[in-house]
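[1] Quick one, fold the following:
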Amino acid sequence: MKAIFLLIFLACIGFTQAQTSCNDFHTGKFVLKAPGGNTLIERNEKYQFETAEDGKVKIKLKVTWISECVYELRFDSFIKKSKSTRDWPKNMVLTVEILETTSNAYHFLATSNIFPDSKTDGMIEKLE
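    Take a look at the predicted model:
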(Lines give C-alpha, C1' and ligand atoms only; values in the text may rest on other atoms or scores of the structure.)
Protein backbone atom coordinates (compact mmCIF):
# COMPACT_ATOMS: atom_id res chain seq x y z
CA MET A 1 0.00 0.00 0.00
CA LYS A 2 2.83 2.40 0.87
CA ALA A 3 4.49 1.58 -2.45
CA ILE A 4 1.34 2.53 -4.39
CA PHE A 5 1.01 5.81 -2.48
CA LEU A 6 4.70 6.57 -3.14
CA LEU A 7 4.29 5.87 -6.89
CA ILE A 8 1.22 8.11 -7.13
CA PHE A 9 3.01 10.86 -5.19
CA LEU A 10 6.09 10.69 -7.43
CA ALA A 11 3.91 10.69 -10.56
CA CYS A 12 2.11 13.82 -9.35
CA ILE A 13 5.39 15.60 -8.68
CA GLY A 14 6.68 14.66 -12.13
CA PHE A 15 3.47 15.85 -13.80
CA THR A 16 3.53 19.16 -11.93
CA GLN A 17 7.13 19.83 -12.92
CA ALA A 18 6.44 18.97 -16.57
CA GLN A 19 3.65 21.54 -16.88
CA THR A 20 4.48 24.86 -18.50
CA SER A 21 3.30 28.04 -16.84
CA CYS A 22 2.47 31.38 -18.40
CA ASN A 23 5.63 32.79 -16.78
CA ASP A 24 7.67 30.71 -19.24
CA PHE A 25 6.35 32.98 -22.03
CA HIS A 26 6.90 36.40 -20.44
CA THR A 27 10.19 36.91 -22.29
CA GLY A 28 11.91 35.35 -25.28
CA LYS A 29 11.64 34.98 -29.04
CA PHE A 30 8.40 33.80 -30.60
CA VAL A 31 6.58 33.40 -33.90
CA LEU A 32 2.91 34.09 -34.61
CA LYS A 33 1.96 32.06 -37.67
CA ALA A 34 -0.89 33.48 -39.74
CA PRO A 35 -2.23 32.91 -43.27
CA GLY A 36 -1.19 36.43 -44.34
CA GLY A 37 2.38 35.92 -43.13
CA ASN A 38 4.22 35.18 -39.94
CA THR A 39 5.21 37.75 -37.32
CA LEU A 40 8.44 37.39 -35.39
CA ILE A 41 8.19 38.57 -31.78
CA GLU A 42 10.94 39.44 -29.32
CA ARG A 43 9.74 40.23 -25.80
CA ASN A 44 11.66 41.45 -22.77
CA GLU A 45 10.38 42.67 -19.41
CA LYS A 46 9.27 46.07 -20.78
CA TYR A 47 8.83 45.85 -24.55
CA GLN A 48 7.66 43.61 -27.34
CA PHE A 49 9.14 44.02 -30.82
CA GLU A 50 7.14 42.64 -33.74
CA THR A 51 8.64 42.19 -37.18
CA ALA A 52 6.69 41.19 -40.26
CA GLU A 53 8.13 38.10 -41.93
CA ASP A 54 9.10 40.13 -45.01
CA GLY A 55 10.99 42.58 -42.75
CA LYS A 56 9.20 45.64 -44.11
CA VAL A 57 7.50 46.59 -40.84
CA LYS A 58 8.83 46.50 -37.28
CA ILE A 59 7.01 47.96 -34.29
CA LYS A 60 7.80 48.48 -30.63
CA LEU A 61 5.04 47.87 -28.06
CA LYS A 62 5.05 48.47 -24.31
CA VAL A 63 4.24 45.29 -22.37
CA THR A 64 2.41 45.37 -19.05
CA TRP A 65 1.66 42.08 -17.31
CA ILE A 66 -1.71 42.32 -15.54
CA SER A 67 -1.47 38.81 -14.11
CA GLU A 68 0.59 35.71 -14.76
CA CYS A 69 -1.46 34.91 -17.90
CA VAL A 70 -2.77 38.31 -19.06
CA TYR A 71 -0.78 41.14 -20.61
CA GLU A 72 -1.47 44.42 -22.35
CA LEU A 73 0.30 45.82 -25.39
CA ARG A 74 0.41 49.57 -26.13
CA PHE A 75 1.95 50.99 -29.29
CA ASP A 76 5.24 52.78 -28.67
CA SER A 77 6.78 53.42 -32.09
CA PHE A 78 7.54 52.21 -35.58
CA ILE A 79 11.13 51.04 -35.90
CA LYS A 80 10.63 50.35 -39.60
CA LYS A 81 7.61 51.31 -41.66
CA SER A 82 6.67 50.67 -45.29
CA LYS A 83 4.74 53.18 -47.41
CA SER A 84 1.59 51.07 -47.19
CA THR A 85 1.67 50.73 -43.39
CA ARG A 86 -1.30 52.32 -41.66
CA ASP A 87 -0.80 54.37 -38.54
CA TRP A 88 -1.45 52.61 -35.27
CA PRO A 89 -4.19 54.20 -33.12
CA LYS A 90 -2.25 55.92 -30.30
CA ASN A 91 -4.78 55.01 -27.60
CA MET A 92 -5.29 51.38 -28.62
CA VAL A 93 -4.64 48.76 -25.97
CA LEU A 94 -4.49 45.08 -26.89
CA THR A 95 -5.28 42.76 -24.02
CA VAL A 96 -3.92 39.26 -24.51
CA GLU A 97 -4.99 36.33 -22.36
CA ILE A 98 -3.00 33.10 -22.45
CA LEU A 99 -5.64 30.38 -22.41
CA GLU A 100 -3.50 27.25 -22.62
CA THR A 101 0.19 26.41 -22.72
CA THR A 102 2.29 23.57 -24.06
CA SER A 103 6.02 23.06 -23.68
CA ASN A 104 6.83 25.50 -26.52
CA ALA A 105 3.64 27.42 -27.39
CA TYR A 106 0.56 29.10 -26.05
CA HIS A 107 -3.01 29.58 -27.24
CA PHE A 108 -4.20 33.16 -26.75
CA LEU A 109 -7.28 35.34 -27.02
CA ALA A 110 -6.72 39.03 -27.82
CA THR A 111 -9.15 41.92 -27.52
CA SER A 112 -8.84 45.65 -28.13
CA ASN A 113 -10.35 48.70 -26.47
CA ILE A 114 -10.86 50.23 -29.95
CA PHE A 115 -12.77 47.23 -31.33
CA PRO A 116 -14.41 45.68 -28.24
CA ASP A 117 -16.59 43.25 -30.23
CA SER A 118 -13.63 41.84 -32.15
CA LYS A 119 -11.63 38.94 -30.70
CA THR A 120 -8.63 37.19 -32.16
CA ASP A 121 -7.31 33.82 -31.11
CA GLY A 122 -4.24 31.97 -32.21
CA MET A 123 -1.06 30.18 -31.23
CA ILE A 124 2.29 31.73 -30.49
CA GLU A 125 5.28 29.41 -30.63
CA LYS A 126 8.43 29.99 -28.56
CA LEU A 127 11.64 29.90 -30.59
CA GLU A 128 14.15 30.37 -27.74
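[2] from here on, contacts and neighbour counts on C-alpha atoms
    Fine.
[3] Kindly check the end-to-end length of stretch 107-119 for me.
    One end of stretch 107-119 to the other measures 13 Å (Cα to Cα, to the nearest Å).
[4] What mean pLDDT does it get?
    The predicted model gives stretch 107-119 an average pLDDT of 95.
[5] Show me which positions of that stretch end up buried.
    Buried residues in stretch 107-119, defined by neighbour count with 16 or more other Cα atoms under 10 Å: 108-112.
[6] and those residues, which two are the farthest apart?
    For the buried residues of stretch 107-119, the maximum inter-member distance is 13.4 Å, found between F108 and S112 (Cα to Cα).
[7] Just grab the bridge partners of K29 for me.
    When bridges are taken as DSSP bridges, the partners of K29 come out as E42.
[8] List the contacts of it.
    The contact partners of K29, taken as Cα atoms under 8 Å, 6 or more residues apart in numbering, are 40-43, 126-128.
[9] go again using 6 Å as the cut-off
    If you count contacts by Cα atoms under 6 Å, 6 or more residues apart in numbering, K29 has them with 41-42, 126-128.
[10] now the strands for the protein?
    Using DSSP state E, the strands of the chain run over 28-32, 39-43, 47-52, 58-67, 70-80, 93-101, 105-112, 119-126.
[11] These: which one's closest to T20?
    T20 lies closest, by Cα to Cα, to one member of those: strand 93-101, at 6.2 Å.
[12] now for that closest one, which elements pack on it?
    Applying 3 or more Cα pairs under 6 Å, 6 or more residues apart in numbering; DSSP states H and E, one finds that strand 93-101 contacts strand 70-80, strand 105-112.
[13] could I get those strands as TSV with distance to E53?
    Shown next, in TSV, are those (distance: least, Cα to Cα, whole Å):
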stretch	distance to E53
strand 70-80	13
strand 105-112	19
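[14] The ones you listed: which one's closest to N91?
    Each of these was checked against N91 via Cα to Cα, and the shortest separation belongs to strand 70-80, namely 7.7 Å.
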